[in-house]
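Q: Fold the stuff below for me.
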Amino acid sequence: MTKDNSSGPEASETTSLIGKNNTSNNVVKDSVVASNSKTGRPTVEQFYFPPVNPTIQAYYRFTVTPLTPFAALHTRPLDGPMSIQQQSPNIDPNVQPPTVSGLLRRSAVLPSHGTDPSGNWILVSVGSRSGWAKKSLFTPYTNEHTEEQTSLAQDSNQHGADHATFTKANTFQAREGWMGNQVFLLKGKLMLGSDAPLFFFTNFLILFALVTYYSVILPHLYHLDQANHDSNTHNLLQWTTHSATAMSSAVLGAVTIILLWKSGLTDPGILPPISCPVKAPIPTRQKKINLEYEPVQIGGPLGFRYCSTCNIFRPPRAKHCNSCNVCVSKFDHHCPWVGNCIGSRNHRYFFGFLISVTILAIIVTFTCVRIFLETYHKLDRGSLNNLTGSDSEERHTSHLSYLVFKCIKKEPTAVILSFFTLLCAWSLASLTCFHGLIITIGQTTNERVRGVYDALENPANKGVARNWFGALCSEIPESRIPRDFSQIVDCRVGRDGREIEGSGETVYNSVLAAEAVAAAIAAEDGIVYAF
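A: Numbering: from 1, shown residues only. Down below sits the predicted model:
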């Protein structure tokens, strides 16, 4: 897609990481070892300048406007020494091959891996998809512009009128550079999955059912209970009005909401993509807990598989979620009601949510059923004894239908709520039992549905007791993404953390870039995401 070129005006002025790696790979290895020695989640600078991706030289911002609703990324610059006209002057200018490699349809901050020799074009990437974009010749300032700066901005706009331009971003908010489909709240302090609207709708349904239960159903049931204290249903369902039931329902409601938010806000185990024009090297080995190296299996249900979107070799049991547009470790499924993927870091919260919301739905269902029965017996009291004669059976059937219809008309809230909670209880109980089954056999929903272990032995199945302990009580893996995406990424700090000299950019060279990436992965013991 790009032509190798290691000479140019900017190459002689600054020294990039790629050039430095060509001289010595020790800097990359030292920076990787230093990063690995640190515990905890990465900082925003470490996340956007990762040691395993040494080709990143800077970041550029594209902003969607009415005049530029999207930005086109090209297989090569449209002008300058690397353009088609310069490389192949014999090509008819009126008949040119397609040069667009992709479209960027939203405002974003993308990593740059170098420029063309003219310095007017930059090579940016989103995961494994890379392309050349027009570089803005004017960088906006926060203070007032001088006349010279304003003139330069006008000239830049005229020069790039045919292209959406990218402006260099020395600082940016961490959420601006995130390429997944997640939704950020509080300017990036909280991150939800791609189905955030359905997540809030789930909250609304649960809260609405609880408010109706405590403000309408229970008070009405207490009133009917006092009026029909001799009813036959009093002994069967009297626990629905017990104080312990009311208190436990309140506790279950609070636990359900808490676990729902924990499932929605917890990182499910996202494997950060590597935005780089160089394809990720094939993993060679991985280090086990006993410090012994073992060979890596590539492909197949139990091997590492390449993700062409994220440009990573994801470990076994991981999968790319098309809804969230990220790879997730130990991917179970994407739950639209939680609004998030369910993976290695939030499955236990999701399972707890299923249990609590199922029990809550059962309690509300039986309470509504008791209201219906109490109302029925109140209307029916003494009336059936008057049914005599040869047509008593027919009159009895007609009378029952009339009473049922009258009960529905008299208690519409309880009837509607009971039907809703009954459907929820039925489906949720089935789903809870299914997840209990897959925990017992050491599988995920994705593996169970695909039948991965129908003809293979499951290496994750350690026995019933150990499977349950691992699912509910084992240590949650550390997240690979920053905790707060509202923080400001300072590119100078990121460059200093990787010991990159200078602040400029060099001409992109695919050979040096591949060597730098290979050296960085080798410093990680030949693998980025171990199983």
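
Q: would you say residue 513 is within a helix?
A: Yes - in this structure, residue 513 lies within a helix as judged by DSSP: H, G, I helix; E, B strand; the rest coil.

Q: Name the nearest residue to it, ignoring sequence neighbours.
A: residue 55 (4.7 Å; Cβ to Cβ, 6 or more residues apart in numbering). Where you see a C-beta, it was placed from the backbone N, CA and C, and this is true even at glycine.

Q: Just give the number of residues close to that neighbour.
A: Residue 55 is flanked by 28 other residues according to other Cβ atoms under 10 Å.

Q: One more: the one 3 residues further on?
A: When counting by other Cβ under 10 Å, one arrives at 23 neighbours for residue 58.

Q: Same question for residue 166.
A: 26.

Q: likewise the one 3 residues further on?
A: Using other Cβ under 10 Å, residue 169 has 20 neighbouring residues.

Q: For residue 281, see how far away it is.
A: 29 Å (Cβ to Cβ, to the nearest Å).

Q: model confidence over stretch 107-120, on average?
A: Stretch 107-120 comes out with an average pLDDT of 91.

Q: what about that stretch, start to end distance?
A: 20 Å (Cα to Cα, to the nearest Å).

Q: Just the buried residues of that stretch, please?
A: 108-120 (16 or more other Cβ atoms under 10 Å).

Q: Measure how far that stretch is from the centre of its chain, please.
A: Chain-centre distance of stretch 107-120: 27 Å, with Cα atoms, centre = their mean, to the nearest Å.

Q: pLDDT weak spots in this protein?
A: Counting by pLDDT under 70, the chain has low-confidence residues at 1-39, 84-98, 137-163, 227-235, 286-293, 379-400, 402, 497-504, 525-528, 530-531.

Q: Looking at it, which helix is longest?
A: For the chain, the helix with the greatest residue count under DSSP state H is helix 347-380.

Q: what's across from residue 328 in the sheet?
A: residue 270, residue 319 (DSSP bridges).

Q: Okay, it and residue 424: tell me how far apart.
A: 26 Å.

Q: Neighbour count for those two, which is higher?
A: residue 328 (28 against 20).

Q: what's the distance between that one and residue 366?
A: Residue 328 is 37 Å from residue 366, where distance means Cβ to Cβ.

Q: ok, which stretches of the stretch 101-250 of the chain are helices?
A: Per DSSP state H, counting those that start in this stretch, the stretch 101-250 of the chain carries helices over the ranges 147-159, 196-212, 218-227, 233-236, 243-265.

Q: Could you take the ones you listed and lay them out as JSON lines, with extra columns for distance to residue 491?
A: Shown next, in JSON lines, are those (distance: least, Cβ to Cβ, whole Å):
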{"stretch": "helix 147-159", "distance to residue 491": "21"}
{"stretch": "helix 196-212", "distance to residue 491": "29"}
{"stretch": "helix 218-227", "distance to residue 491": "58"}
{"stretch": "helix 233-236", "distance to residue 491": "69"}
{"stretch": "helix 243-265", "distance to residue 491": "28"}
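
Q: closest to residue 40 out of the ones you listed?
A: Of all these, helix 243-265 sits nearest to residue 40, with 18.2 Å by Cβ to Cβ.

Q: Report all helices and strands that the closest one contacts.
A: Where contact means 3 or more Cβ pairs under 8 Å, 6 or more residues apart in numbering; DSSP states H and E, helix 243-265 is packed against strand 190-192, helix 196-212, strand 340-342, helix 347-380.
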